[in-house]
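Undergrad: Sequence and predicted structure, then a few things I'm wondering about:
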Amino acid sequence: MNTNKTEKAVIVASFFIFLLAGSLLANMVLSKQAEDTLVISHDIDLGSAFDTILDVTVTDKDGTVKATRQKVGDLVLTNFAYIIGGVFKNPAALGGSVEAITGVKQSTGSSVYPTLKSTTTTSGGIWGLYPTSYYRRTYLAVGTGTNTPSVSDYVLQTEVESKTMIAADGSYASGNVTFYGAVTMTASRTITEAGIYAYMYIGSGIYILLLRDTFAGISVVSTDTVTVSYTLMISAGFTNNFGTLLAAFFPRYATSTMTAQFQDTAGSSFTTNTIGDAVNNCLFDTNAAGPWACARIGTSSTAPSLSDYELVSPVESAVIAAEPITEASINFSVSSTIQVTADRTLYEAGFYTRGKDSSGSDRLIMLIRDTFDATLVSNGRQVTVIFKVYFNV
């Protein structure tokens with residue numbers, strides 16, 4: 001081997017996000033793709049790492065329960081996938097679009113309409129506010145459609161009751177993001193589908209469908225109340241920071257700046273703005289010092305936990321490269337190439353995002369931590385960490 005050439009080890013951490021429970025699968029494959037390149041592929045099927053549970057309850061006008069339904073959610077819709085995708089790379093580089101209920105696609109991947117970053121007064125964005133009429137809020141709708149949900153759905157098949165704001169802001173605790181809404185029926189019918197919409201400003205005020213599920217029909221009459229509750233469940237591999245992030249996306253009625261509490265890599269809790277009109281002092285504040293997002297590698301084999309806020313033994317880090325969606329359909333990947341400065345036996349990798357707290361101080365938070373089989377990497381090599389996110393595979 002030519003020792004003057006740079007050797008590169010590649011650790012591929014593939015995070016498969018399903019809406020159906022699955023078993024944990026990990027495999028390590030070593031191959032020589034070139035004389036000077038050692039490729040180590042590590043695939044992890046987290047299976048139930050991101051499940052949704054749908055609960056539907058129908059009560060009569062006196063509050064008596066008439067019927068209930070519970071099921072695992074059908075799938076992640078493209079709209080929701082793009083929004084989650086914005087967490088994993090620079091918002092301006094996502095290169096995707098959400099589809100409004102009119103069927104018109106709105107760009108989420110430009111500097112004009114950033115996907116996640118809290119907004120200036122000239123562009124709303126997914127987590128931004130604009131004028132009074134475009135306050136961020138989340139809605140519930142029910143219908144009578146029975147078509148199998150598709151990732152490309154942007155409306156309920158047959159919506160029968162107008163969208164009604166969810167009853168409370170999304171909340172997060174112990175791996176579960178929960179939110180719910182209720183709507184009163186205005187006629188007799190058999191309801192078979194439910195969906196969650198977000199109303200936001202992306203060039204104009206639009207509704208976008210985030211979740212759609214079908215269920216066994218329930219007969220209702222006028223004055224019955226249908227309560228729909230969603231639980232988004234995450235497991236170890238993701239962190240409590242990621243769960244808090246998801247919950248912040250489901251506000252009941254965001255009329256002003258909203259805040260959430262996260263834990264930085266020093267273990268310190270802090271409050272930051274998650275929805276608002278100001279470009280400064282927010283989670284996705286790109287004016288923060290240092291890279292907007294980064295990856296780290298470490299030397300601890302300690303099993304991942306939701307409570308992780310940093311790698312157990314971090315040793316090196318580097319910026320996440322802003323890449324377009326590289327996989328088929330709505331799947332994507334982001335990567336970071338890290339220079340190793342000493343002989344290491346690596347076991348762990350993490351993904352981080354940066355912003356400012358509500359006081360304007362820079363903060364770094366970890367959203368993902370995962371472990372893999374021992375990988376010996378010598379001084380001077382490069383380690384490329386690739387985070388692949390798969391939906392509905």
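TA: Looks like it arrived, so ask away.
Undergrad: for the stretch 51-200 of the chain, which spans come out with low pLDDT?
TA: Along the stretch 51-200 of the chain, the model assigns pLDDT under 70 to residues 86, 88-96, 107-134.
Undergrad: quick one: contacts for Asp213?
TA: 52, 54, 71, 73-74, 149, 193-195 (CB atoms under 8 Å, 6 or more residues apart in numbering). C-betas here are computed from N, CA, C, even on glycine.
Undergrad: ok, now Val228?
TA: Taking CB under 8 Å, 6+ apart as the definition, contacts of Val228 comprise 54-56, 140, 142, 180-183, 194.
Undergrad: among those, which ones are buried?
TA: Burial of the contacts of Val228 was assessed by neighbour count (16 or more other CB atoms under 10 Å); the buried members are 54-56, 140, 142, 180-183, 194.
Undergrad: Separate out the buried members of the contacts of Asp213.
TA: 52, 54, 73-74, 149, 193-195.
Undergrad: Need the contact partners of the helix or strand Tyr139 falls within.
TA: Assigned by DSSP states H and E, Tyr139 belongs to strand 137-143. Judged by CB under 8 Å, 6+ apart, the contacts made with strand 137-143 from elsewhere in the structure are 156-166, 170, 179-183, 191-199, 207, 226, 228, 249-254.
Undergrad: Report the buried residues of that strand.
TA: Burial within strand 137-143, assessed by neighbour count using 16+ other CB under 10 Å, is assigned to 137-143.
Undergrad: wait, which of these is closest to Cys294?
TA: Within the buried residues of strand 137-143, the smallest distance to Cys294 is 30.3 Å, found for Thr138 (CB to CB).
Undergrad: contacting residues around Thr259?
TA: Residues touching Thr259, when contacts are defined by CB under 8 Å, 6+ apart, comprise 271-274, 358.
Undergrad: ok, now with 6 Å
TA: Under the criterion of CB atoms under 6 Å, 6 or more residues apart in numbering, the contact list for Thr259 reads 271, 273.
Undergrad: Out of the contacts of Val228, which is nearest to Gly237?
TA: Gly237 has its nearest neighbour among the contacts of Val228 in Leu54, at 22.9 Å by CB to CB.
Undergrad: Make sure that closest one is indeed in a strand.
TA: Yes - with DSSP: H, G, I helix; E, B strand; the rest coil as the criterion, Leu54 is assigned to a strand.
Undergrad: Identify the residues contacting it.
TA: Listed by CB under 6 Å, 6+ apart, the contact set of Leu54 reads 71, 73, 213.
Undergrad: Which is the succeeding secondary structure element to the one helix or strand Phe80 maps to?
TA: For Phe80, the element it lies in under DSSP H and E is helix 78-87. Read in the C-terminal direction, the helix or strand following helix 78-87 is strand 97-99, with elements assigned using DSSP H and E.
Undergrad: Does Gln70 touch Asp55 like I think?
TA: Yes - the criterion here is CB atoms under 6 Å, and Gln70 meets it with Asp55 at 5.1 Å.
Undergrad: follow-up on the earlier one: now render the contacts of Leu54 as JSON lines, adding secondary structure and distance to Ala349.
TA: Converted to JSON lines, those look like this (DSSP: H, G, I helix; E, B strand; the rest coil; distance: CB to CB, whole Å):
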{"residue": "Lys71", "secondary structure": "strand", "distance to Ala349": "34"}
{"residue": "Gly73", "secondary structure": "coil", "distance to Ala349": "28"}
{"residue": "Asp213", "secondary structure": "strand", "distance to Ala349": "33"}
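Undergrad: List just the nearest of those residues to Asn241.
TA: Relative to Asn241, and with distances defined as CB to CB, the nearest of these is Gly73, at 22.4 Å.
Undergrad: Please settle this for me: is Phe242 part of a helix?
TA: Yes - according to three-state DSSP, Phe242 belongs to a helix.
Undergrad: Would you quantify the distance from it to Gly360?
TA: According to CB to CB, to the nearest Å, Phe242 stands 24 Å off from Gly360.
Undergrad: neighbour-wise, which of the two wins?
TA: When Phe242 and Gly360 are compared for neighbours, Phe242 comes out ahead with 24 against 11, by other CB atoms under 10 Å.
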